[in-house]
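Trainee: this is a predicted model, with the sequence first.
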Amino acid sequence: LNLFIIHGLTMMTKLTTPFLILALVLTLIAPTSAFSVVKHPPTPSAMRVSTSLFASSPSPSRRDVLSTSAAVATGLIMTPALPSFAASGGPGSDPSKPIVVLGASGKTGRIIVDKLTSRSLYVKACTRSGSSSAFSPSTYLSQGSCDVTSLDSLSSAVSSASACVFAASASKKGGDAAHVDYKGVALTARACISAGVPRLVVISSGAVTRPQSIGFKITNVFGRIMDYKIAGESALRSQYAAAPAGAGSYVIVRPGGLSENASKGAGGVEVSQGDIYAAEIGREDVALVTIAALLKPGVEGSTFEVYGSGGETMFGMKTGAAKLQKDLPDVTELVHRSETYEGLLDGILNDKALLEKGVVSTYTGDGVEKLEDVV
């Protein structure tokens, strides 16, 4: 079975349903030798930055294409509640300065909205139509319209934001990867910088800097989404690097292959840096890590990967964390584990410090057009 074939295809099923069949075929015929599996134990560095650790590293799961994961016990694990931040004066504490969620009606976006409002934080859920029934009713919720391919629309949406989450991605109705994952991210960064939004968190994807990996190649077949995602990240970083002091900051979250599984809790999740490891992760856990990245001090200007740390896979197989490529270095000191979502981000390096580690790929996309040429 090949985790990265599943990762690529499941990310794109929202673009075209028939590829579900292709996913099954590729899964059954892919040789297990096509990927490298490495079980990494807790390291001294990881122990320092985590509030608690497992005695040994649990195994990360892979996408169950046949939806047999319903029997997995992770669905019975309760998600530990995060505290309410409304009284702290931080993001979302003032109804006139809500947290703006772009792509709010998407599968991950609406979880983020509901999790934030359940913590008594004020949220403005932005969708193309400006109104959606996808969210749980809440006095902390307002809605608005936003087209992420329009700077004017984005500027209006984030004008009074205390923080912003970019949870949009290419889809049949929302636009292709060039317009959403590239232009949309770049324009969102520009709008947030201009408005002085304190923090922008962008949900991207693992493997975007590893074009030789199976995960990148399989996913990129569909509209070159991986090339456009990394191009969007690069455009965002360039804009923040050139921005004046006090213009705000960013965090980029790169999840592994997405599933609909219930949260495993923070103890069932790993965070790492360098775009080296990957595994399946449920959208609920992605949402909770994204919220931690939105609210936690000290993680400004960082990029990290997040994925599940263990569980059953199809046919009852269990595996360790998978490297995106066999020749990538072991970076266990950059792997973080904790029993809280905020704790997962303890010790996270900003992008400048991470670059100095020498493990980061400088890939920024192949043959991607200039932003002004995306029309």
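Mentor: It's in.
Trainee: lowest mean pLDDT among the helices and strands, pick that one out for this structure.
Mentor: The least trusted helix or strand in the chain, going by mean pLDDT, DSSP states H and E, turns out to be helix 44-49, with a mean of 34.
Trainee: what's next to the very next helix or strand once past it, contact-wise?
Mentor: Taking DSSP states H and E as the definition, the helix or strand that follows helix 44-49 towards the C-terminus is strand 99-102. The set of residues external to strand 99-102 that reach it, using Cβ atoms under 8 Å, 6 or more residues apart in numbering, is 91-92, 109, 112-113, 116, 121-126, 144, 146, 148, 154, 157-158, 161-168, 188, 197, 294. In this view, the C-beta of every residue, glycine as well, is placed from N, C-alpha and C.
Trainee: state the mean pLDDT of strand 99-102.
Mentor: When pLDDT is averaged over strand 99-102, the result is 98.
Trainee: how close does residue 94 get to residue 346?
Mentor: Noted for residue 94: a distance of 28 Å to residue 346, by Cβ to Cβ, to the nearest Å.
Trainee: who has more neighbours out of these two?
Mentor: Set side by side, residue 94 and residue 346 show unequal neighbour counts under other Cβ atoms under 10 Å, the larger going to residue 346 at 18 against 14.
Trainee: measure the more buried one to residue 297 for me?
Mentor: Residue 346 is 11 Å from residue 297, where distance means Cβ to Cβ.
Trainee: pLDDT wise, what is the residue nearest to residue 363 when sequence neighbours are not counted at?
Mentor: The shortest distance from residue 363 to any non-neighbouring residue, by Cβ to Cβ, 6 or more residues apart in numbering, is to residue 209 (4.8 Å). Confidence per residue is given as pLDDT, and for residue 209 that number is 98.
Trainee: dihedrals phi and psi, residue 209?
Mentor: Taking degrees, to the nearest 10, you get phi -100, psi 10 for the backbone angles of residue 209.
Trainee: now swap in residue 259 and tell me
Mentor: Residue 259 adopts backbone torsions of phi -130, psi 170, taken as degrees, to the nearest 10.
Trainee: shaky segments in the stretch 1-150 of the chain?
Mentor: Counting by pLDDT under 70, the ranges of the stretch 1-150 of the chain that qualify are 1-88.
Trainee: need the longest helix for this protein.
Mentor: Of all the elements of type helix in the chain, the one with the most residues (DSSP state H) is helix 225-242.
Trainee: packing partners of that one?
Mentor: helix 177, helix 185-195, strand 199-203, helix 214-220, strand 249-255 (3 or more Cβ pairs under 8 Å, 6 or more residues apart in numbering; DSSP states H and E).
Trainee: switch to 6 Å and redo it
Mentor: Contacts of helix 225-242 with other secondary structure elements, assessed using 3 or more Cβ pairs under 6 Å, 6 or more residues apart in numbering; DSSP states H and E, are made with helix 185-195, helix 214-220.
Trainee: the first one - what's its average pLDDT?
Mentor: Throughout helix 185-195, pLDDT has a mean value of 98.
Trainee: got the angle for it vs strand 249-255?
Mentor: Orientation of helix 185-195 against strand 249-255 (axes from the mean of the first three to the mean of the last three Cα atoms, to 10 degrees) gives an angle of 150 degrees.
Trainee: and the contacts of helix 185-195?
Mentor: Contacting residues not belonging to helix 185-195 are listed as 151, 154-155, 158-159, 164, 166, 200, 202, 232, 235-236, 239, 243, 247-248, 371 [Cβ atoms under 6 Å, 6 or more residues apart in numbering].
Trainee: what number of residues lie near the nearest residue to residue 267 once chain neighbours are set aside?
Mentor: Take residue 267 and drop its neighbours on the chain: the residue closest to it by Cβ to Cβ, 6+ apart is residue 339, 4.9 Å away. With neighbours defined by other Cβ under 10 Å, the count for residue 339 comes to 16.
Trainee: shouldn't residue 339 be in contact with residue 265?
Mentor: No: in this structure, residue 339 sits apart from residue 265 without contact. The criterion is Cβ atoms under 6 Å, and the distance is 7.6 Å.
Trainee: sorry, back to before: can I get the helices and strands packed on helix 225-242 in JSON lines including distance to residue 134 and mean neighbour count?
Mentor: Supplementary listing: the helices and strands packed on helix 225-242 in JSON lines, determined by distance: least, Cβ to Cβ, whole Å; neighbours: other Cβ atoms under 10 Å:
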{"stretch": "helix 185-195", "distance to residue 134": "21", "mean neighbour count": "24"}
{"stretch": "helix 214-220", "distance to residue 134": "25", "mean neighbour count": "24"}
